[in-house]
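> sequence and predicted structure, then a few things I'm wondering about:
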Amino acid sequence: MPFELFVGLRYLKARRGHAFISLITLISIGGVALGVMALIVVLAVMSGFERDLRSKILGTNAHLWIIRHGDRGVEEPAQTLVRVRDVPHVVAVSPFTYHQVMLSTGRGAGGAVLRGIDLDSAQEVTALTRSFTEVDPVRLKGPTEGSGWRLDPEGIIIGRALATNLGVGLGGRVNVISPFGNVLTPFGLAPRMRGFTVAGIFEMGMYEYDSALAYITIATAQQFFQMGQSVTGIEVKVDDLYKAKEVGAEIQRRLGFPYVARDWMQLHRNLFAALKLEKIAMFIILTMIVLVAAFNIVSTLTMKVMDKGAEIGILKSIGATSRSIMAIFMVEGLVIGLVGTLLGTAGGAIICKLQETYKIVSLQGDVYLLDSLPILMKGTDMVLIASSTLVLSFLATLYPSWRAAKLDPVVAIRYE
């Protein structure tokens with residue numbers, strides 16, 4: 001074992017009657033471990049939020065929306081679907097309509113977004129069919145041999161939270177009221193209204209969608225909103241979600257004006273930008289904990305230098321160089337930082353694994369959009385945390401080590 005390493009490790013132990021020095025060392029290690037553990041847990045939670053929100057958003061919405069300027073919609077959806085499907089990296093396409101309506105039952109009412117879909121092609125671009133929790137086998141038929149998903153023209157699919165708010169279950173009646181396109185009755189103008197039977201209930205796990213989305217067939221939506229053969233837009237799924245922007249630009253170039261492509265990052269830019277900014281801010285704030293622990297290392301080593309003054313003088317008098325003395329205390333500080341980093345990393349990983357497995361911390365879905373605290377441990381985050389902690393620990397050793405190296409051996413052992 002090198003001389004500097006041997007002496008540095010010996011100095012970590014307290015001499016008899018000087019246990020206070022060893023206690024300060026343990027406190028320094030604990031401070032580093034606490035800071036590292038907090039950083040790992042918080043960044044894992046932030047990464048988990050971003051992953052879960054992205055998966056739930058992309059489970060409800062496709063990677064790309066192709067829409068048209070103005071209120072006319074896509075008037076030739078069949079031809080447009082063929083042209084979009086021929087673009088490289090496009091995996092699946094599906095037409096849709098999009099309208100804001102009010103749903104009412106005998107027990108309640110509320111606003112919702114009503115989307116007309118072709119269920120057979122929509123299940124290729126979204127996770128709607130995989131999120132069904134209750135299905136009426138008569139009005140909503142799953143895929144069979146030679147046939148895909150089929151939704152009754154009088155059937156409607158609603159979210160679990162929306163069904164609870166309306167007080168309706170499978171087979172219940174729901175009135176869809178459109179605030180646009182009033183109809184003339186003997187009593188004057190009245191909102192357009194039509195009754196539907198709940199054929200299915202889905203649960204995406206995201207309250208914002210489960211409480212405000214409803215689906216009907218695209219043909220029924222075209223008839224109800226008097227759209228003719230046009231649709232609001234086309235949903236597109238690509239083979240790599242991070243190439244959605246480039247694929248959207250290519251689709252927009254091929255279709256030309258007035259078509260516009262909007263990718264999932266554009267549609268939810270504010271949400272993901274806020275999550276990224278919050279993750280950076282939390283990293284900076286929690287790094288302060290590690291910085292405080294680094295100051296503890298400075299104070300610990302400074303006290304060690306004062307306590308070991310006579311021994312430093314003896315070492316220098318028998319031939320130890322200033323560089324060796326400096327290395328001794330740098331080794332001591334780095335060991336404190338390394339042990340604290342290892343303990344903090346292990347503690348943070350254990351906490352994250354327990355939360356990921358047992359969902360110890362639950363959330364209110366209507367407030368946080370998710371029902372439990374999500375966890376995603378990234379290797380890059382852990383490497384960044386560990387390396388940053390070790391760098392701070394190294395920097396914390398410089399001043400005390402320099403003070404020890406500059407100690408005059410004559411002054412140190414004069415009264416010994």
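Ah, there it is.

> tell me how many other residues surround Lys237.
Here the number of neighbours of Lys237 (other C-beta atoms under 10 Å) works out to 20. (Glycine included, C-beta is placed from N, CA and C.)

> roughly how far does it sit from Glu250?
According to C-beta to C-beta, to the nearest Å, Lys237 stands 15 Å off from Glu250.

> is Ile201 in a bridge, and if so with what?
Beta bridges link Ile201 to Glu134, Ile158, judged by DSSP bridges.

> now do the contacts for it.
Contacts for Ile201 (C-beta atoms under 8 Å, 6 or more residues apart in numbering) come out as Phe132, Thr133, Glu134, Val135, Ile157, Ile158, Gly159, Arg160, Ala163, Gly169, Leu170.

> cool, Ser324 as well?
For Ser324, the contact set (C-beta under 8 Å, 6+ apart) comprises Phe3, Glu4, Leu315.

> confidence score at the last one?
Confidence at Leu315, expressed as pLDDT, is 91.

> now the first one
On the pLDDT scale, Phe3 is placed at 83.

> roughly how far does it sit from Leu354?
Distance, Phe3 to Leu354, using C-beta to C-beta: 43 Å.

> could you do the last one as well?
To Leu354, Leu315 is 47 Å away according to C-beta to C-beta.

> just the strands in this protein please.
Secondary structure of the chain (DSSP state E): strands at 64-68, 90-104, 109-117, 132-135, 140-141, 150-151, 155-159, 173-185, 188-202, 213-217, 233-238, 259-263.

> for those strands, which one sits closest to Ile360?
Nearest to Ile360, of all these, is strand 132-135, at 24.7 Å by C-beta to C-beta.

> what residues of that closest one count as buried?
Neighbour counts using 16 or more other C-beta atoms under 10 Å place Glu134, Val135 of strand 132-135 among the buried residues.

> what mean pLDDT does the longest helix anywhere in the chain get?
Taking DSSP state H as the criterion, the chain has its longest helix at helix 19-60. Helix 19-60 shows a mean pLDDT of 86.

> what's the answer for stretch 382-389, then?
On average, stretch 382-389 scores 92.

> list the buried residues in that stretch.
Applying 16+ other C-beta under 10 Å to stretch 382-389 flags Met382, Ile385, Ala386, Ser388, Thr389 as buried.

> find the nearest non-adjacent residue to the fourth one, please.
Among residues not flanking Ser388 along the chain, Thr287 sits closest, at 6.7 Å (C-beta to C-beta, 6 or more residues apart in numbering).

> follow-up on the earlier one: for the longest helix of the chain, name the packing helices and strands.
helix 269-307, helix 322-358, helix 379-405 (3 or more C-beta pairs under 8 Å, 6 or more residues apart in numbering; DSSP states H and E).

> hmm, back to that, more neighbours: Leu315 and Leu354, which one.
Neighbour comparison, Leu315 and Leu354: the larger count goes to Leu315, with 21 against 13 (by other C-beta under 10 Å).

> returning to that earlier point: what's the angle from the longest helix of the chain to helix 269-307?
Orientation of helix 19-60 against helix 269-307 (axes from the mean of the first three to the mean of the last three C-alpha atoms, to 10 degrees) gives an angle of 170 degrees.

> centre of the chain to helix 19-60, how far?
A distance of 15 Å separates the centroid of the chain from that of helix 19-60, by C-alpha atoms, centre = their mean, to the nearest Å.

> quick check: angle from it to strand 188-202?
Helix 19-60 runs at 120 degrees relative to strand 188-202, counting by the same axes, to 10 degrees.

> state the distance from Leu162 to Gln100.
Going from Leu162 to Gln100 by C-beta to C-beta gives 14 Å.

> identify the contacts common to these two.
Counting by C-beta under 8 Å, 6+ apart, the shared contacts of Leu162 and Gln100 are Ala112.

> returning to that earlier point: with distance to Thr220 added, can I get the buried residues of stretch 382-389 in CSV?
Compiled in CSV, the buried residues of stretch 382-389 are given as follows (distance: C-beta to C-beta, whole Å):
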residue, distance to Thr220
Met382, 51
Ile385, 53
Ala386, 57
Ser388, 57
Thr389, 60
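
> which among the residues you listed gets closest to Thr300?
Closest approach to Thr300 among the buried residues of stretch 382-389 (C-beta to C-beta): Thr389, at 15.7 Å.

> residues touching the closest residue to the closest one other than its chain neighbours, list them.
For Thr389, ignoring the flanking residues on the chain, the nearest one in space by C-beta to C-beta, 6+ apart is Thr341 at 4.8 Å. Applying C-beta under 8 Å, 6+ apart to Thr341 gives the contacts Val32, Ala33, Val36, Ala386, Thr389, Leu390, Ser393.

> what's the pLDDT at Met282?
pLDDT, Met282: 86.

> isn't it right next to Leu43, touching?
Yes: with contact defined as C-beta atoms under 8 Å, Met282 reaches Leu43; the gap is 7.2 Å.

> with neighbour numbers in mind, choose between those two.
Using other C-beta under 10 Å as the criterion, Met282 and Leu43 rank with Leu43 on top: 24 against 16.

> identify the residue nearest the more buried one in space, chain neighbours excluded?
Leu43 sits nearest to Asp381 (C-beta to C-beta, 6+ apart), 4.7 Å away.

> so that neighbour sits against Val41, correct?
No: between Asp381 and Val41 there is no contact under C-beta under 8 Å: 10.8 Å.

> which of the two has more neighbours?
Neighbour count, other C-beta under 10 Å: between Asp381 and Val41, Val41 has more, with 22 against 19.

> contacting residues for the more buried one?
For Val41, the contact set (C-beta under 8 Å, 6+ apart) comprises Gly348, Ile351, Cys352.

> which among those gets closest to Ala112?
Ala112 lies nearest to Cys352 out of those, by C-beta to C-beta, at 36.7 Å.

> what about that closest one, distance to Ala44?
Look at Cys352 and Ala44: by C-beta to C-beta, they are 5 Å apart.

> okay, these two: which has more neighbours?
Ala44 (25 against 21).

> show the low-confidence segments of the stretch 51-200 of the chain, by residue range.
145-146, 181-190 (pLDDT under 70).

> cutoff 80 now
70-72, 144-147, 179-191 (pLDDT under 80).

> let me have the contacts of Ser324 in TSV, extended by distance to Gly142.
Output for the contacts of Ser324, formatted as TSV (distance: C-beta to C-beta, whole Å):
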residue	distance to Gly142
Phe3	75
Glu4	71
Leu315	80
